[in-house]
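Undergrad: Provided below are the primary sequence and the corresponding predicted coordinates.
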Amino acid sequence: MALWNCDRCGRGFANRNQSHFCSDVPLSAHFDGKPAPTRELFDAFLAAVRKNGPVRVLPEKTRIAFQVRMSFAALMTRRGYLRGHLVLARRLESPRFLSIQTISPRNHVHAFELRAPAEIDAEFRDWIGEAYRVGRQEHLQRPAKRGARGQ
């Protein structure tokens, strides 16, 4: 299904007339006054996201969102590190998450901090992939019905 686009800012959404704040903040504004490692961490995170497919990077006033059909991740730049979250379809307990907020039975916001590119390891990349699939809304699709003989 096609995305609905805001008439004012042009941003696409999975839901018609979805509430949001229109933003014209450039991505570069999030790195003003921040040390170079902040941008390097962002670039490493973005590269890991892009391994899953195309993504919209949406700079907003307080965060940088990542969207396919819906936003599935966001980052907030800090001095030399990033704070962020991934939206997963399940609650995943890990000491790497600072907190987990349940929005609905199939949307759990997992907060984290990244201080070095090495933290974007295989486990973290798997979580990014899982969040990307949430962004595609694959977790909302019903499984195909099987035939009479279980096929």
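TA: Structure's in. What do you need?
Undergrad: On the three-state scheme, residue 41 is what?
TA: Recorded secondary structure, residue 41: helix (DSSP: H, G, I helix; E, B strand; the rest coil).
Undergrad: tally of neighbours for it?
TA: For residue 41, the count of nearby residues is 24 (other CB atoms under 10 Å). The C-beta positions use only the backbone N, C-alpha and C, and glycine is treated the same way.
Undergrad: That one contacts residue 117, doesn't it?
TA: Yes - assessed by CB atoms under 8 Å, residue 41 is found in contact with residue 117 at 6.2 Å.
Undergrad: And stretch 66-74, what's buried?
TA: 66-74 (16 or more other CB atoms under 10 Å).
Undergrad: and that stretch, average pLDDT?
TA: Throughout stretch 66-74, pLDDT has a mean value of 92.
Undergrad: Stretch 120-134 now?
TA: 98.
Undergrad: by contact count, what packs against the helix or strand where residue 133 lies?
TA: Assigned by DSSP states H and E, residue 133 belongs to helix 122-135. In terms of contacts (3 or more CB pairs under 8 Å, 6 or more residues apart in numbering; DSSP states H and E), helix 122-135 is packed against helix 36-50, strand 71-77, strand 82-88.
Undergrad: Run through the protein and note the low-pLDDT ranges.
TA: The chain contains residues with pLDDT under 70 at 1, 3-4, 6-22, 141-151.
Undergrad: hmm, try it at 90
TA: 1-25, 60, 69-71, 136-151 (pLDDT under 90).
Undergrad: buried sites along stretch 100-109?
TA: Applying 16+ other CB under 10 Å to stretch 100-109 flags 107-109 as buried.
Undergrad: meant to ask about stretch 80-89
TA: 81-82, 84-89.
Undergrad: which residues does residue 56 bridge with?
TA: Bridge pairing for residue 56 (DSSP bridges) gives the partners residue 67.
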